[in-house]
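J.: Make a model of this:
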Amino acid sequence: HCTSRELTGPLSSSQFATRARMNLKRSLSFLPLTESLSASSSKLYRTMSTTSTPVDTTAKFWDKMAPGYFKSPIKDLDAYQTKLELTQQYLKPDMDLLEFGCGTGGTSLIHAPNVKHILATDISSKMIEIAKQQADEKQVANVDFKVASVDELSNSIPSNSLDGVLGLSILHLVDNRQEVMKQTYNWLKPGGYFFTSTVCISDMKVATLVRLIAPVAQWLGFFPPLSIISSDQLRQDFKGAGFSIEKEWRPTKPNGKPDNDTAVFIIGRKPE
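T.: All right, here's what the predicted structure looks like:
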């Protein structure tokens, strides 16, 4: 079962193209949006408030999606497991973490034994409800699940108070990516880590198709805002926010070269 947004992972280029065509067809025929949107694409609406759609409206929409989302399968278990292992190399028993956009909580629950405390948030109350059920079933006591948007978190989390922040499969889905990264930097203590997994669409074979389809689908309201960025731009954004890049990883092709159709996993560090 899929218990965290990160579990579903990015779509392959062919899957993304097929999904995009399907969503555009639905948009043009004014049919309701269905679960055909990728779990990654859903993250924006459940974690960030936007100028075009009220938070409560999007929260209700994703509340309806929560049961199906929870049951969706892991798309790339090997990549997900690698990201967990890379993250856990930096975790310590005295750490306080935040995960924004936690979905149904799987990633935070996995990391919980390695840290002191995790605040895991999502804009969907139904997602958080499932996450709390999972925590109870697994008897995990050091993860607090809370319904909150990133905007709300910015007003409630003190500066220099966190040892680490998880932002998985989200930075390519926000139109204020650089602001989010600067806010994360502000939350972190000196020496703190920002763990991210980001789909860099400009690196992908399907980039041209997405550029053609996304604006129409977004205008019709059936596709989330999408930042078509490259991995080079993402690295620049990390450095622009003040981070050094501690670790970068991407799955490789059989020939040993990075697979640009997959998400890039980057760990940023706030200098001491």
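J.: Every contact and neighbour count from this point should use C-alpha atoms.
T.: OK.
J.: The stretch 101-250 of the chain: helices as residue ranges?
T.: Using DSSP state H, counting those that start in this stretch, the helices of the stretch 101-250 of the chain run over 106-111, 125-138, 150-156, 177-187, 207-219, 231-241.
J.: among these, which is nearest residue 262?
T.: Residue 262 sits nearest to helix 231-241 of all those, at 10.9 Å, using CA to CA.
J.: what are the C-alpha coordinates of the closest one, in CSV please?
T.: Extracted in CSV, the C-alpha atoms of helix 231-241 (Å, rounded to 0.1, in the frame of the first residue of the first chain):
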residue,chain,number,x,y,z
SER,A,231,18.3,19.9,-12.3
ASP,A,232,20.8,22.7,-12.9
GLN,A,233,18.1,25.3,-12.0
LEU,A,234,17.3,23.3,-8.8
ARG,A,235,20.9,23.3,-7.8
GLN,A,236,21.1,27.0,-8.3
ASP,A,237,17.9,27.4,-6.2
PHE,A,238,19.5,25.4,-3.3
LYS,A,239,22.6,27.6,-3.4
GLY,A,240,20.5,30.8,-3.8
ALA,A,241,18.6,29.9,-0.6
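J.: Show residues contacting that helix.
T.: 178, 181-182, 185, 200, 202-203, 244-245, 264, 268 (CA atoms under 8 Å, 6 or more residues apart in numbering).
J.: Go through those and say which is closest to residue 158.
T.: residue 185 (11.6 Å).
J.: can you tell me how far the closest one sits from residue 193?
T.: For residue 185, the distance to residue 193 (CA to CA, to the nearest Å) stands at 9 Å.
J.: Find residues that contact each of those two.
T.: With CA under 8 Å, 6+ apart, residue 185 and residue 193 have common neighbours residue 270.
J.: Could I get the helices of the stretch 101-250 of the chain in CSV, plus columns for distance to residue 90 and mean pLDDT?
T.: Shown next, in CSV, are those (distance: least, CA to CA, whole Å; pLDDT from 0 to 100):
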stretch, distance to residue 90, mean pLDDT
helix 106-111, 11, 96
helix 125-138, 23, 95
helix 150-156, 24, 87
helix 177-187, 17, 95
helix 207-219, 33, 83
helix 231-241, 18, 98
